[in-house]
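**Q** Sharing a sequence plus its predicted fold:
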Amino acid sequence: MDSSNLIQLHKCGAYPIIEGTGCHQMFFPVELLETALQNGESTAWMCDTPVLSGSGDPYIAITHVWSDGTGMGADNTHTVNACLFQYFAKLGNRLNCNALWWDAISVPKEPKARRLALNNMHENYANAEYTIIHDTYLVNFPWSDDGSPCIAMILSTWFTRGWTALELFMSKKVLVLFKDPAGGCEPLMKDLDDEILAQSPATSSPAHWLATTLIRRLRRPIDNVGDLLAALSTRSTSWVRDRTIISALLAQVPDCDLAAGESIIATQVLGHLGQIPHNCLFHGKPTMRDSGPWSWCPATLHDMPVDTAPDLGDSGDDSLKIKGDGSVEGKWRCRKLDADDVANMKPYGDNLAAAMKIESALGRWEGCLLLRHPRDGQGNLALLVWLTSINLEAGMLECRYIGTVVVASSSTALREGMVHGFSNPMWSVRIGGKVYN
Ligand SMILES: [Zn+2]
């Protein structure tokens with residue numbers, strides 16, 4: 001949906017203070033934003049007058065979805081409905097903050113300044129005293145102590161967007177607006193960590209605990225690819241490229257060049273995180289490169305499969321290590337192929353290029369190896385790789401990535417102890433280390 005064509009939301013009558021004053025348009029001199037950005041100054045506005053705040057002024061930051069009409073209006077100017085601004089400003093006043101950061105008026109229009117502002121937008125949430133989540137569904141959801149507001153959060157539109165994930169991740173203190181069940185005209189502000197999330201599985205319903213787990217994933221540093229993909233997999237952005245940028249910001253990649261190509265950003269994210277679950281290699285997609293560094297990696301991060309089970313907590317030890325040279329290293333159960341295997345396997349997925357690479361390799365199956373997840377975690381999927389050398393001293397197999405195959409369930413590939421030709425069924429394998437012709 002093109003949410004930039006929406007009509008801006010009105011909150012006329014939401015508060016007694018503006019009743020009867022009629023609604024008008026408030027104008028913000030947004031040309032001040034460009035200078036402020038250049039000088040590294042605040043782009044929050046004072047709550048009581050259209051003047052930019054000073055760096056010492058405590059401010060609240062609004063996180064919202066544009067489809068609610070809480071973004072810029074259809075005319076794309078920086079005038080906003082006075083009632084909507086006052087609604088947010090009043091929240092600031094209730095929290096003893098005298099300024100407000102809201103992207104509809106805090107991000108400049110001029111393209112170059114706008115790019116600069118968007119790339120640093122997450123910092124406005126990190127530096128805010130409070131981040132306020134405004135979502136029309138939640139604002140109309142009556143607050144209750146039974147855990148239902150937490151479940152409502154993960155069902156809300158707000159929770160489906162990529163940028164809001166980053167905003168939540170960056171924020172210190174997060175308050176969510178809910179309807180006052182007692183009928184008060186002001187929304188209730190509930191603290192996410194203390195009042196909304198469940199504190200223990202023993203004292204909450206299973207649904208409340210699951211919702212808590214999904215939200216908490218974004219309340220702590222992300223240090224592995226699995227968590228990063230899980231956080232973003234169900235979220236959408238208006239621009240595909242934004243997903244890669246959000247990944248880099250969530251992973252807190254130092255000095256990441258956000259203007260670079262998507263695959264370059266992706267390798268920076270992966271290199272920074274340094275480890276990856278085995279299942280991410282079972283993707284059935286074309287890879288970033290044909291051979292050598294990153295030749296096991298799909299062209300974009302979101303082509304990787306996601307482990308949707310939240311917080312298993314065991315990803316650390318048996319993850320694969322991503323090396324600085326773009327190779328990936330770790331334990332696999334592996335064995336050589338035999339002639340029967342070729343008839344018993346087919347390429348995984350429906351990508352033609354990925355399938356052709358597998359078909360062509362199977363024509364020379366004698367040089368191939370089949371790799372299986374060490375704990376047999378991938379059903380009947382296996383990785384097909386080309387064995388390029390064996391380092392017996394290090395117990396390391398050097399391999400070239402070919403692709404993911406589906407193995408017929410009757411095949412020996414699915415049996416334990418796949419040892420044909422090797423004395424050790426579990427080998428350290430390095431994939432994509434060097435360029436081989
Ligand atoms: Zn209004």
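**A** Sure thing, it's come through.
**Q** What is the neighbour count of residue 371?
**A** Look at residue 371: counted by other C-beta atoms under 10 Å, it has 26 neighbours. Heads up, the C-betas are built off the backbone N, CA and C, glycines and all.
**Q** next one: residue 352
**A** That count, for residue 352 with other C-beta under 10 Å as the rule, works out to 10.
**Q** got it, and the one 3 residues further on?
**A** Counted by other C-beta under 10 Å, the residues lying close to residue 355 total 17.
**Q** hey, where'd the helices end up in the stretch 151-300 of the chain?
**A** Here the stretch 151-300 of the chain has its helices, by DSSP state H, counting those that start in this stretch, at 162-170, 206-216, 225-233, 240-250, 262-273.
**Q** Now tell me what touches the last one from outside.
**A** Spelled out, that is helix 262-273. Contact with helix 262-273 is made by 222-225, 228, 241, 244-245, 247-248, 251-254, 256-258, 260, 276, 288, 294, 297, 299-301, 322, 324, 326, as judged by C-beta atoms under 8 Å, 6 or more residues apart in numbering.
**Q** Which among those count as buried?
**A** 222-225, 228, 244-245, 247-248, 251-253, 256, 258, 276, 288, 294, 297, 300-301, 322, 326 (16 or more other C-beta atoms under 10 Å).
**Q** related to what we said a few turns ago, how about CSV for the helices of the stretch 151-300 of the chain, with mean pLDDT and distance to the ion added?
**A** CSV is the format used below for those (pLDDT from 0 to 100; distance: least, C-beta to the ion, whole Å):
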stretch, mean pLDDT, distance to the ion
helix 162-170, 92, 24
helix 206-216, 94, 32
helix 225-233, 83, 35
helix 240-250, 88, 31
helix 262-273, 92, 41
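**Q** in terms of contact, does residue 178 touch residue 148 like I think?
**A** No - the criterion here is C-beta atoms under 8 Å, and residue 178 misses it with residue 148 at 10.1 Å.
**Q** Looking at those two, which one has more neighbours?
**A** Higher neighbour count among residue 178 and residue 148: residue 178, with 24 against 16, using other C-beta under 10 Å.
**Q** Kindly state the beta-bridge partners for the more buried one.
**A** residue 188 (DSSP bridges).
**Q** follow-up on the earlier one: just the ones in strands from the contacts of helix 262-273, please.
**A** Secondary structure assignment by DSSP state E places 276, 322 of the contacts of helix 262-273 in strands.
**Q** what's around residue 344, how many residues?
**A** Residue 344 - counted by other C-beta under 10 Å - has 18 other residues nearby.
**Q** which one of the helices of the stretch 151-300 of the chain lies closest to residue 373?
**A** Comparing the helices of the stretch 151-300 of the chain against residue 373 with C-beta to C-beta, the closest turns out to be helix 225-233 (13.6 Å).
**Q** what helices or strands is that closest one leaning on?
**A** helix 162-170, helix 240-250, helix 262-273, strand 275-276 (3 or more C-beta pairs under 8 Å, 6 or more residues apart in numbering; DSSP states H and E).
**Q** Just give the number of residues close to the residue lying closest to residue 201 once chain neighbours are set aside.
**A** The spatial neighbour of residue 201 that comes closest, neighbours along the chain excluded (C-beta to C-beta, 6 or more residues apart in numbering), is residue 209 at 4.6 Å. A count of nearby residues for residue 209, using other C-beta under 10 Å, gives 20.
**Q** residues contacting the nearest residue to residue 330 once chain neighbours are set aside?
**A** Computed as C-beta to C-beta, 6+ apart, the closest residue to residue 330 that is not its neighbour in sequence is residue 320, at 3.6 Å. Counting by C-beta under 8 Å, 6+ apart, residue 320 touches 275, 276, 277, 278, 281, 328, 329, 330.
**Q** picking that back up, so how far is residue 227 from the residue nearest to residue 201?
**A** 18 Å (C-beta to C-beta, to the nearest Å).
**Q** Check residue 202 too.
**A** 24 Å.
**Q** More neighbours: those two, which one.
**A** Set side by side, residue 202 and residue 227 show more neighbours around residue 227, with 22 against 7, by other C-beta under 10 Å.
**Q** pretty sure residue 428 is in a strand, no?
**A** Yes - applying DSSP: H, G, I helix; E, B strand; the rest coil, one finds residue 428 inside a strand.
**Q** ok, how many other residues are close to it?
**A** 15.
**Q** which residue sits closest to it, ignoring its sequence neighbours?
**A** residue 396 (4.7 Å).
**Q** Pull the contacting residues for the one you found.
**A** Residue 396 touches 329, 390, 427, 428, 429, 430, counting by C-beta under 8 Å, 6+ apart.
**Q** helix/strand/coil for the second one?
**A** Assigned with three-state DSSP, residue 390 falls in the strand class.
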